[in-house]
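**Q** fold the stuff below for me.
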Amino acid sequence: MQPSVEGSGVNPVDEQELERLRVHLESDRVERKRSAADRSKLRRNICAFANDLPGHGRPGVILIGVENDGDCSNSTIDDRLLTTLAGMKDDGNILPVPSLVVQKHVLSGCEVAAIIVEPSRSPPVRYQGRVWVRVGPTVRLATPEEEQRLSERRRSGQRPFDQSPAPDATVEALDLEYIETHYLSHAIAQDVLDTNQRSLDQQLLSLRLLADGAPTWGALLGFGRDPQGWIPGAYVQFLRIDGTDVTDPIRSQHVMTGRLDDVLRQLDELLKLNISTRTEVATVSREARWPDYPLAALQQLARNAVMHRSYEGTHAPVHVYWYSDRVEIRNPGGLYGQVTPENFGEGAVDYRNPLIAEIMHHLGFAQRFGLGVPLARKELKENGNPDPEFDFQPTRVSVTVRSAS
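**A** Numbers count the residues shown, from 1 in each chain. Just a heads-up that it's a prediction; the model follows:
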């Protein structure tokens, strides 16, 4: 077995089982593809295996380089292909983000790429707003009844905090008009919405915004009428400090509250307002303008803090402290899951708040997953800023961004 290109706690599938799946034409846990040319069909299969409608509780496998009858198609399986396949996990097309690994194997002399997909703990999983399931050898759109089955399969004890029901909350705590007019069309394909006969409650359940008849914590954060009334620490505190020490005079301060998109839009505006730009005359007819901080880098790091922070068991907000020589962003909650100080920002992705990540994606604040820190580093380097400095503690993560010289 070759090393994994991408992993997230997927149950192992050894080479002997892969060989059996390659030749066992009746198994509904395997899809054979002669090549990876049709990426859309590959994503549908990933979505379907993640939904695990039959309830196998075992990974589904997509074998690339194999004909329908199990014979070798002699496709080229190289590192570029493996990296491309692994990238489908985090490109935002399949939500919640699936758990999968991509591996190269040699089965009976045939080189294959194996995409091993773990059943999701939070079905239904959607590809471009549509729920795909596997019935025997066929991958097709789920019926409303099948979506309901997938929704009911979730168990409270297995849910992350943001997908757990909020005690005492009712649907009236949500801004349903906002959900219907601003969110559903981003989370569910329009043609599915146009033919959908399900009630709004059923749609909310399918999107993990309801659980056991109550709004989830993530729904209250994203669409609550009073999010901070339910989660007091769900805000961002911004301080502009006139100096280099926290005890120096405060030039301005802001508290950003409201729905998730309200908080993020307010934060974007403050970041824009506080960036200073120096002007250098390059020629008689042209001026060069250089900001002390690139906006995109600060946005990525601040959004990461909101997405990955702990909302449970703390009333602490995300802090953004803007000093005269640096910006510090701090969020409650240490690193989560498979992310460690060694692999942080190097492609390892895990989600303390998968529903919040999904909502941020649909609202346009997270285009791809796992690229926030690399993008911030790239923007800072191009602007002449030092590399960001991260500090990982058991109860918090902070990042310091220093001004361009």
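**Q** centre of the chain to stretch 57-64, how far?
**A** For stretch 57-64, the separation from the chain centroid amounts to 22 Å (computed by C-alpha atoms, centre = their mean, to the nearest Å).
**Q** likewise stretch 44-57?
**A** For stretch 44-57, the distance to the chain centre is 19 Å (C-alpha atoms, centre = their mean).
**Q** contacts for it?
**A** Counting contacts by C-beta atoms under 8 Å, 6 or more residues apart in numbering, the residues outside stretch 44-57 that touch it are 28-29, 31, 59-62, 88-89, 94, 98-100, 115, 117-120, 123-127, 131-135, 139, 142, 146, 149-150, 153. All C-beta atoms are positioned from the backbone trio N, CA, C, and that covers glycine.
**Q** so who does the nearest residue to residue 355 once chain neighbours are set aside touch?
**A** The shortest distance from residue 355 to any residue other than its chain neighbours is 3.5 Å, reached at residue 218 (C-beta to C-beta, 6 or more residues apart in numbering). Applying C-beta under 8 Å, 6+ apart, one finds that residue 218 lies in contact with 162-163, 208-209, 353, 355-356, 359.
**Q** what about burial for the residues you listed, which qualify?
**A** Among these, those classed as buried by 16 or more other C-beta atoms under 10 Å are 162-163, 208-209, 353, 355-356, 359.
**Q** what is the nearest of those residues to residue 16?
**A** For the buried ones among the contacts of residue 218, the residue nearest residue 16 by C-beta to C-beta is residue 163; the value is 35.7 Å.
**Q** so how far is residue 215 from that closest one?
**A** As judged by C-beta to C-beta, to the nearest Å, residue 163 and residue 215 stand 11 Å apart.
**Q** please apply the same query to residue 261.
**A** As judged by C-beta to C-beta, residue 261 and residue 215 stand 17 Å apart.
**Q** which of the contacts of stretch 44-57 fall in helices?
**A** With helices defined by DSSP state H, the entries of the contacts of stretch 44-57 inside them are 146, 149-150, 153.
**Q** name the element residue 203 belongs to?
**A** Counting by DSSP states H and E, the element that carries residue 203 is helix 200-206.
**Q** what segments of the stretch 251-400 of the chain are helices?
**A** When assigned using DSSP state H, counting those that start in this stretch, the helices of the stretch 251-400 of the chain occupy the ranges 260-274, 295-308, 354-362, 372-383.
**Q** right, and those - which one's nearest residue 76?
**A** The stretch from the helices of the stretch 251-400 of the chain with the least distance to residue 76 (C-beta to C-beta) is helix 372-383; that distance is 27.5 Å.
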